[in-house]
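Chemist: sequence and predicted structure below; questions after.
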Amino acid sequence: MTTTDAPRSPAGNPIGFGRMLRKEDARFLRGRGTYVDDVRLPGMLHGAVLRSPHAHARILGVDTSAAEAHPRVRAVVTGKLLQTLNLAWMPTLSGDVQSVLATDKVRFQGQEVAFVVAEDRYSARDALELIEVDYEPLPAVVDALGALDPDAPVIRDDLEGRTDNHIYDWEAGDRAACEDAFSRADVVVTQDILYPRVHPAPMETCGSVAHMDKVTGKLTIWTTTQAPHAHRTLYALVAGLPEHKIQVISPDIGGGFGNKVGIYPGYVCSVVGSILTGAPVKWVEDRSENLMSTSFARDYHMRGQVAATREGKILALRVDVLADHGAFNGVAQPTKFPAGFFHIFTGSYDYPAAHCKVTAVYTNKAPGGVAYACSFRITEAVYLVERMVDCLADELGMDPAELRMKNLLRPEQFPYTTPTGWVYDSGDYPRALQEAMRIAGYDRLRQEQAERRAAARRGETGPLMGIGMAFFTEGVGAGPRKHMDILGLGMADGAELRVHPTGKAQLRLSVQTQGQGHETTFAQIVSHELGIPPEDIEVIHGDTDNTPFGLGTYGSRSTPVSGAATAVAAQRVRAKARIIAAAALECSVDDLEWTLGRWQVKGDPAQGQTIADIAMAAHGSLELPEGVEGHLDASVVYNPPNLTYPFGAYICVVDVDPGTGQVTVRRFIAVDDCGPRINPMVVEGQIHGGLADGVGMALLEVMAFDRDGNHLGGSLMDYLLPTSMECPRWELGETVTPSPHHPIGAKGVGESATVGSPAAVVNAVLDAIGVRHADMPLTPAAVWRAMQGRPLRTDLALE
Amino acid sequence: MQITVNVNGNEASADVEPRLLLVHFLRDVLGLTGTHWGCDTSNCGACTVWVDGLPAKSCTMLAVMASGRRVRTVEDLADGDRLDPLQEGFMQEHGLQCGFCTPGMLMTTRWLLDHQPDPDVETIREAVSGNLCRCTGYENIIRAVRHAAGHRAEEVVS
């Protein structure tokens, strides 16, 4: 179904699936995109946020008089002012509350304390300096491992009756079955593994332009959101504004990666600023604000245990997690899943028993946790299981590829129900792993490694070569309404397709591209179903007044959910077109058969009607059968029956300088199976980006803190993102296993590579240096220390 | 301060604060929003423009420093409807996704090709190492530059 032989449109594009250049490129290449900071409105004012320098402090007073006296300042907003509007606190996506502007205490460095509205952005910043805040510093909870100590300061004393920093305990799987399996095992391996706090850091930071029109009562907000409809409803719930008077416009988005799912205090402040001044107010955060205050990712302290036979058959896996959620529980994930989809941690392997327990705590750090292409924590889960399998291979003295092959699920086991209750839809895992090993030349690589090690033993110097692999199973396309909602909003998405009288079409979507190319690929889905050239299909998104309701783009859900909605809408149009064609041809619908773009009479192909003919007839004077309405359109809300489960096998080859600990990624092989590929070019681009993320997290990225709670990664000089120099040429491969329940079999791919790649890189580095485990990021210092047997605590600077 | 900057061949005069950054002069004063701002610390390169023929990060340069000089931005690359070969290369090789880093990438690599018409892969990697991209993993950006240097698709491997 990944057709390269699809028929071509007049513009040379595939009718349906295949490589097609992107429609959105035309504006981006010319510098003609419209990102939020490009929005300029008459009389627009500029906002800036005053932030806390302390991780934990009581606010004794806020004096804004000097700022208010600044000649270009139009308004100063404080927590106290917001209290009078009942807006000082807002609900988080996890049922907690978060301070919009602090009133009682600040709880992390960078927390929002006041908001200035001025006539230009520089004056707004100047005025921040004029606000005097009287802080009484308090001891900070920085190390999550100490957050539950009896003498730890209580962070959330705003919550009634709160006497500790505990958020929740949650578990999944069968503890007793696990204990039984462990008691019978020949081998048990235990390993502490940290997935450090990292940040999605999209190139465009977060921001908004709010305009409250006092005459019409309409609030229009241009904002960096991956979920415009969810934001509209949340503004209605938070601020008590009438939902039909709120228009959320998400124009071009400069990358999201989960950073732009939630509502940040700055957005709310821009709305308040517009209400107070009567003018549009723009707020765009700077890079430090982005890194220090918006949704971080991961921060999971995990203890994994795997039980196996001497021959390498895995019997059980269990894991205890301490989850650092920061000062407010603001994770964005389906309500019934407090630890996200972490309990998919059994991964791609066949064993009967598994159990996980997650304990979440508050610390004096920014809120968040689910972001950075993590598929609701499957990233942490895959990293855990893929590290544990390598630890077991090390314990058994077995090749990691052989151990994986011995335990991978077999094709005949699908659909497969995991020990923690997930139903994987389809897969052929051994084939994907074999394909990755074939592309890599795995045996030759191991041979080269053996030769190099022999040379090193003879005293020859040179880099240490390491080979790492990871196999991942993703679960994407949240999700079935009966299981999945966010703040009570079910995770179904709408699509509306209108075929105009001349046969050109418009598709309206609830999901929101941030670079994924929806304007192209969703047109291709319609084209595939109706035969309309993709250049004749306009995809409309990112404007709540002009698109159907739905929960937006994150968790790789666009293709699995809205892609399905689009295919079903097009199929409904096709079915209606058949009735209209039959009326026009004066035959029975049963006499018609579909060929791409045309209903024709069986046995008499000359007699037929194209979609364009039918569209004109549907809008014209043709008499339609009883009960058939005119026009040619369809509206669908798609409630997915299950998640889809893409998977893949990754192999990384590294060279480590034994003198400095510097890691060079020599090769990276990625075989992905995401079902049929709508546009292979776009799919490969998605994978490339995720692989770079994996290299970044494995080798460079961490948001560490000192003992006072100072953020040590607050700029791109300190928070290191991968550049072209750290990334190798990506070597991609493919297998195709369609999802049986998705209308076009597609599974979603946006986060696969981010989920799968970190473990492959880390496994390769540890293979090179002969150390069982060391935590990410494997910077030269961390690798060097691991080689000396003194691994670093990478998330804290306590020494 | 009164400044006059030649931007894309046109003289632009304005009375600006001495502290105004060049990126804000281009975006907020002249309305040339193709040049983006991404980090404040000259790490990301989204704000890359040319000043007197050399790539410069306009977030760490004052507008007054550009007075009397020539500035070139992404808006100047295409010749009417005809794209620059690099713009064509980025489109053909899928060298952009969200598009936010793209103007800076284009200005950096245009300079590279003007000075080295057929750079090898390592040269391209080094040239764009001061421009961050979060979407593409750089592979297709390198292919795009090779494409613009006249290499056919089947030759374009990095």
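Modeler: Received, thanks.

Chemist: which parts of the stretch 1-150 of chain A sit against chain B?
Modeler: Contact residues, the stretch 1-150 of chain A versus chain B (C-beta under 8 Å from any C-beta of the partner chain): A:21-22, A:24-35, A:37-38, A:40, A:121-122. C-beta here means a position set from N, CA and C on the backbone, and glycine is covered the same way.

Chemist: got a quick PyMOL command for the buried subset of those?
Modeler: Only the buried entries of the residues of the stretch 1-150 of chain A next to chain B go into this PyMOL selection, using 16 or more other C-beta atoms under 10 Å in any protein chain shown:
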select buried, chain A and resi 21+22+24+25+28+29+30+31+32+33+35+37+38+121+122
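
Chemist: now the helix or strand harbouring residue A:575 - C-alpha only, PDB.
Modeler: Using DSSP states H and E, residue A:575 sits in helix A:564-585. These are the backbone C-alpha positions of helix A:564-585, laid out as PDB (Å, rounded to 0.1, in the frame of the first residue of the first chain):
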ATOM      1  CA  ALA A 564      -9.100   7.800  10.300                       C
ATOM      2  CA  ALA A 565     -11.800  10.400  10.600                       C
ATOM      3  CA  THR A 566     -10.700  11.800   7.300                       C
ATOM      4  CA  ALA A 567     -10.700   8.500   5.500                       C
ATOM      5  CA  VAL A 568     -14.200   7.700   6.900                       C
ATOM      6  CA  ALA A 569     -15.500  11.100   5.800                       C
ATOM      7  CA  ALA A 570     -14.100  10.500   2.300                       C
ATOM      8  CA  GLN A 571     -15.600   7.000   2.300                       C
ATOM      9  CA  ARG A 572     -19.000   8.500   3.200                       C
ATOM     10  CA  VAL A 573     -18.700  11.000   0.400                       C
ATOM     11  CA  ARG A 574     -17.900   8.200  -2.000                       C
ATOM     12  CA  ALA A 575     -21.000   6.300  -0.800                       C
ATOM     13  CA  LYS A 576     -23.200   9.300  -1.300                       C
ATOM     14  CA  ALA A 577     -21.600  10.000  -4.700                       C
ATOM     15  CA  ARG A 578     -22.600   6.500  -5.700                       C
ATOM     16  CA  ILE A 579     -26.300   7.300  -5.100                       C
ATOM     17  CA  ILE A 580     -26.100  10.500  -7.000                       C
ATOM     18  CA  ALA A 581     -24.200   8.800  -9.800                       C
ATOM     19  CA  ALA A 582     -26.900   6.200 -10.000                       C
ATOM     20  CA  ALA A 583     -29.500   8.900 -10.200                       C
ATOM     21  CA  ALA A 584     -27.600  10.700 -13.000                       C
ATOM     22  CA  LEU A 585     -27.000   7.500 -14.900                       C
END
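
Chemist: spatially nearest residue to the residue nearest the centre of chain B (excluding sequence neighbours)?
Modeler: The centroid of chain B falls nearest to residue B:107 when counting by C-alpha atoms, centre = their mean (2.4 Å). Sequence neighbours aside, residue B:48 is the residue nearest to residue B:107 in space, at 4.7 Å (criterion: C-beta to C-beta, 6 or more residues apart in numbering or on different chains).

Chemist: list, one by one, the residues from the stretch 501-650 of chain A near chain B.
Modeler: A:514-517.

Chemist: nearest to residue A:463 among those?
Modeler: residue A:515 (35.2 Å; C-beta to C-beta).

Chemist: need the nearest residue in space to the closest one, chain neighbours excluded.
Modeler: Residue A:515 sits nearest to residue B:98 (C-beta to C-beta, 6+ apart), 3.1 Å away.

Chemist: so the one you found touches residue A:254, yeah?
Modeler: Yes: at 5.0 Å, residue B:98 and residue A:254 qualify as touching, with contact defined as C-beta atoms under 8 Å.

Chemist: which residues do the two both contact?
Modeler: Residues touching both residue B:98 and residue A:254 (C-beta atoms under 8 Å, 6 or more residues apart in numbering or on different chains): A:202-204, A:514-515.

Chemist: so which of those residues are in strands?
Modeler: Among the shared contacts of residue B:98 and residue A:254, no residue falls in strands (DSSP state E).

Chemist: quick check: residue A:256 is in a helix.
Modeler: No: checked against DSSP: H, G, I helix; E, B strand; the rest coil, residue A:256 lies outside a helix; its state is coil.

Chemist: return the residues in contact with the closest residue to it other than its chain neighbours.
Modeler: Excluding its sequence neighbours, the residue lying closest to residue A:256 (C-beta to C-beta, 6+ apart) is residue A:514, at 3.6 Å. Counting by C-beta under 8 Å, 6+ apart, residue A:514 touches A:202, A:226, A:253-257, A:260, A:553, B:98.

Chemist: contacts only, for whatever residue of chain B ends up closest to chain A.
Modeler: Closest contact between chain B and chain A, by C-beta to the nearest C-beta, is at residue B:34 (1.9 Å). Contact analysis of residue B:34 by C-beta under 8 Å, 6+ apart lists A:30-33, B:73-75, B:103.
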